[in-house]
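*Asks:* what's the 3D shape of this:
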Amino acid sequence: MKLQGNIVDIKNKRIYKGEIFIENGKIKSIIEKDNNVNHYILPGFVDAHIHIESSMLVPSEFARIAVTHGTVATVSDPHEIANVLGVKGVEFMIENGKQTPFKFNFGAPSCVPATTFESAGAVINSDDIKKLLENSDIKYLAEMMNYPGVLSEDDEVMKKITWAKQYNKPIDGHAPGLRGNEITKYINTGISTDHECFTYDEGLEKLQKGMKVLIREGSAAKNFEALIDLLPEYYKNMMFCSDDKHPDALIINHINKLCARAVAKGMDVFKILQVACINPVKHYNLDVGLMREGDFADCIVVEDLKDFKTLQTYINGELVFNNGESLIKSIPFEILNNFNCNKKKVSDFKLKSSAKQIRVIEALEGQLVTNELIEGALIKDGNLISNIEKDILKMVVVNRYQDEKPAIAFIKNFELKTGAIASSVGHDSHNIIAVGVSDEAICKAVNLIIENKGGTCAVSDSEEKIVPLPVAGIMSDKDGETIGKQYAELDKIAKQLGSKLNAPYMTLSFMALLVIPSLKLSDKGLFNGADFKFTTLEVN
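*Replies:* Model (predicted):
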C-alpha cells in the first residue's frame, strides 16, 4: 500500500512531497517524490491521559469515534470502573479494547478507593498493583491522587510506587496546586507527570523541577488557556490530554482541536505536533508508530495543518477511518455492574438545623477545584432547604453499594430554577450524586437512577429523562452516536431547568471528588480536600 502527499517530518521540522510504502502493518520505506496531492500525512494523535469511562462508552465504542479525529492511541486510566468493580473492571476494559485495532494503553489504578473517606465498590491494594504491573498490557502506574499519602510516606502508597519502579513503568501524578518543597518531594519519589495544573505558574514550577506537564482540555476541566503559553519553550516535556470527555463532545473533536487552537495562537506547528503525537509515545514507551521506516503504520491524513480535519486514519496499516466513515465495527460484550441500594424516601433528604449560616461549595466553570463560601441558611419547618433566589441548592451523595443515610451539602452556581439532575457518574467512587431545588425533586431524580441501576438524568414536575448507563453504572451499552445524541438532549434539558454551566453533568460528577481542593462532598459528610480533615456543614 502507498500513501502520497505532503509528509510532515516532526523531528527534522520539515514538510516535503513524498510517498510512504506500507507492508505487513509497518512502514517499509519513505521516499521524497513530487506529486499532485495536497493533503498532509503525519503520525496519529495520542490522548496522554483519559478515563475512557467518562465518555460513557466502552473502549470499543470509544475507538469508533476517536479515529474520526485522527486519534490512534490513548493513555487510559481505568480508575473509574476499578472503583466500581476492582481488578475485574480493569480486565474488562483491556479485553474489550483488544477487540479493535485502536491502541489503548491502560494503567494500573493506584488509588482504589480514591480516599478512605468514601464508600467505593472495590479495593485494589499493593499486591493487586504488583499483579497488574506484571501484565504487559498494563503500561504504567496510573495517577497517584493520594499526594498526602506520598508526602507522609504511607506504607501502602510507597509499595505501589516501588512496584512501578521495579517493573520500570512510568508513574503518573495528580497534585493540583501542590507547590514548593511539597511538589519537590512528590517528584523525588519517581512520579513523572501531572495533568492537574490550573495556573501558568504552577505548570512552570513543575516543568522546571523535571515533571512532564499535560495540558488538559476536557468536558469539565479546561486548562488549555492557562497553560498553552508554556508550550513554545517547554514543548519537549508537555503533552495534550482530555482526562474526562463526554460523548457529545467526543463526537465533535478530540486532540485535533487542541492542535488547531495552538496553531491559531501562532505557535510552531512542529512543536505542537511533538506535544500531540510524539511525547506520549516516548514517555510511556508505547507501541505506536512515529512515521519512521520500520515503525507501525499509525498515521493520519489531514486536510491542512490549520484545522487538522482528518480525512483518513491508519492503525498498523489498516484503514480505520475514511472520509467521514469509521470502519471500526461495534462488537457484543458482557454487561457488568455493581448496584445494591434500595429506593429512597423524601424524608431521607431532609436535614434538621437551626443554623444561621452554612458552608457552601462554589462550583467553578471549567475547573475541578472549588471555592468555599459562607452563606445564610434558609430553613423551613426546621429543615435546611435550597435557596433558589440565591442559587444555593441542596446537593446529595447516595451510596449505591449499600443502603446508608445520604450525605448532604449545599452548592452554588448550578442555578437550577426547577427540578433536579442526578448521575451515578460521581467521581471517584461513582455513588449517586444529585442537586436540586427541593427534597422531592432530588428524591425523584435519585430513584430514577436506582431504578435503572445507573445513569444520568433530569427531572421536573412535568418531565423525567434518563440516559441509562448499565455497564458498571457509568457506561452505556449503546454506540457512540446514540449515546452522544441522548446525552446532548439531556444536557439541553438541564439547561432548560436553569443551569448556565457549560457542562452541568460533568461538573456535578466532580463535586464529590475529594482529591481536588477546596471543598467537596463525600458519602460520609462534607469534607475539605485541601487538608484532608472532616468539616461540618453548619457554621455556628
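
*Asks:* check which helices and strands the longest helix anywhere in the chain sits against.
*Replies:* Taking DSSP state H as the criterion, the chain has its longest helix at helix 480-496. Identification of packing neighbours for helix 480-496 by 3 or more CB pairs under 8 Å, 6 or more residues apart in numbering; DSSP states H and E yields helix 59-66, helix 247-252, strand 455-459, strand 464-468, helix 504-509. In this view, the C-beta of every residue, glycine as well, is placed from N, C-alpha and C.

*Asks:* can you list these in CSV and add distance to residue 159, mean pLDDT and mean neighbour count?
*Replies:* Converted to CSV, the helices and strands packed on helix 480-496 look like this (distance: least, CB to CB, whole Å; pLDDT from 0 to 100; neighbours: other CB atoms under 10 Å):
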stretch, distance to residue 159, mean pLDDT, mean neighbour count
helix 59-66, 29, 98, 28
helix 247-252, 36, 94, 22
strand 455-459, 36, 98, 28
strand 464-468, 39, 97, 20
helix 504-509, 30, 91, 26
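
*Asks:* can I get the ones you listed in TSV including distance to residue 283?
*Replies:* Shown next, in TSV, are these (distance: least, CB to CB, whole Å):
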stretch	distance to residue 283
helix 59-66	20
helix 247-252	23
strand 455-459	33
strand 464-468	35
helix 504-509	27
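
*Asks:* quick one: closest of those to residue 11.
*Replies:* Residue 11 sits nearest to helix 59-66 of all those, at 24.6 Å, using CB to CB.

*Asks:* show me what whatever helix or strand comes next after that closest one is packed against.
*Replies:* Taking DSSP states H and E as the definition, the helix or strand that follows helix 59-66 towards the C-terminus is strand 71-76. With contacts taken as 3+ CB pairs under 8 Å, 6+ apart, strand 71-76 sits against strand 45-50, helix 59-66, strand 103-108, helix 279-284, strand 310-315.

*Asks:* name the residues that touch strand 71-76?
*Replies:* Residues outside strand 71-76 that contact it (CB atoms under 8 Å, 6 or more residues apart in numbering): 43-52, 59, 62, 66, 93, 97, 102-107, 139-140, 241, 254-256, 280-281, 284, 286, 288, 298-300, 313-315.

*Asks:* re earlier: how far does the longest helix of the chain sit from the chain's center?
*Replies:* 18 Å (CA atoms, centre = their mean, to the nearest Å).

*Asks:* now that helix: mean pLDDT?
*Replies:* In this model, helix 480-496 has a mean pLDDT of 95.

*Asks:* and if you look at stretch 129-138?
*Replies:* Mean predicted lDDT for stretch 129-138 stands at 98.

*Asks:* contacts made by it with the rest, please.
*Replies:* Stretch 129-138 is contacted from outside by 87, 90, 94, 106-108, 110, 124, 141, 159-160, 163-164, 166-167, 169, using CB under 8 Å, 6+ apart.

*Asks:* list buried residues within these.
*Replies:* 87, 90, 94, 106-108, 110, 124, 141, 160, 163-164, 167, 169 (16 or more other CB atoms under 10 Å).

*Asks:* out of these, list just those in strands.
*Replies:* Judged by DSSP state E, the subset of the buried ones among the contacts of stretch 129-138 located in strands is 106, 107, 108, 141.

*Asks:* and stretch 14-26, C-alpha only, in PDB?
*Replies:* Extracted in PDB, the C-alpha atoms of stretch 14-26 (Å, rounded to 0.1, in the frame of the first residue of the first chain):
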ATOM      1  CA  ARG A  14      10.300  19.900   7.500                       C
ATOM      2  CA  ILE A  15       7.400  19.100   5.100                       C
ATOM      3  CA  TYR A  16       8.100  17.600   1.700                       C
ATOM      4  CA  LYS A  17       6.200  15.900  -1.100                       C
ATOM      5  CA  GLY A  18       6.700  12.100  -0.800                       C
ATOM      6  CA  GLU A  19       5.400   8.600  -0.700                       C
ATOM      7  CA  ILE A  20       5.000   6.100   2.200                       C
ATOM      8  CA  PHE A  21       5.000   2.400   1.400                       C
ATOM      9  CA  ILE A  22       3.300   0.200   4.000                       C
ATOM     10  CA  GLU A  23       3.800  -3.600   4.200                       C
ATOM     11  CA  ASN A  24       2.500  -6.000   6.900                       C
ATOM     12  CA  GLY A  25       1.300  -3.200   9.000                       C
ATOM     13  CA  LYS A  26       4.600  -1.300   9.100                       C
END
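
*Asks:* just put the helices and strands packed on strand 71-76 in a markdown table and tack on distance to residue 197.
*Replies:* Formatted as a markdown table, these follow (distance: least, CB to CB, whole Å):
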| stretch | distance to residue 197 |
| --- | --- |
| strand 45-50 | 12 |
| helix 59-66 | 24 |
| strand 103-108 | 19 |
| helix 279-284 | 16 |
| strand 310-315 | 28 |
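
*Asks:* nearest to residue 22, out of those?
*Replies:* Of all the helices and strands packed on strand 71-76, strand 310-315 comes closest under CB to CB, at 7.5 Å.

*Asks:* helices and strands around the helix or strand that the closest one is followed by, which ones?
*Replies:* Sequence-wise, the next helix or strand downstream of strand 310-315 (DSSP H and E) is strand 318-322. If contacts are counted by 3+ CB pairs under 8 Å, 6+ apart, strand 318-322 sits against strand 310-315.

*Asks:* parallel or antiparallel, which strands does the strand it packs on pair with?
*Replies:* strand 299-302 (antiparallel), strand 318-322 (antiparallel) (DSSP bridges).

*Asks:* low-confidence bits of the stretch 251-400 of the chain, can you list those?
*Replies:* Nowhere does the stretch 251-400 of the chain drop to pLDDT under 70.

*Asks:* which stretches of it form helices?
*Replies:* 255-264, 269-273, 279-284 (DSSP state H, counting those that start in this stretch).

*Asks:* low pLDDT regions in the stretch 101-250 of the chain?
*Replies:* In the stretch 101-250 of the chain (pLDDT under 70), no residue qualifies.

*Asks:* rewinding a little: let me know the closest of the contacts of stretch 129-138 to residue 413.
*Replies:* residue 110 (30.9 Å).

*Asks:* leaving out chain neighbours, which residue sits closest to that closest one?
*Replies:* Closest residue to residue 110 apart from its sequence neighbours, by CB to CB, 6 or more residues apart in numbering: residue 144 at 5.0 Å.

*Asks:* and the longest helix of the chain, what's buried?
*Replies:* Going by 16+ other CB under 10 Å, helix 480-496 has these buried residues: 480, 483, 484, 486, 487, 488, 490, 491, 493, 494, 495.

*Asks:* good, wrapping up.
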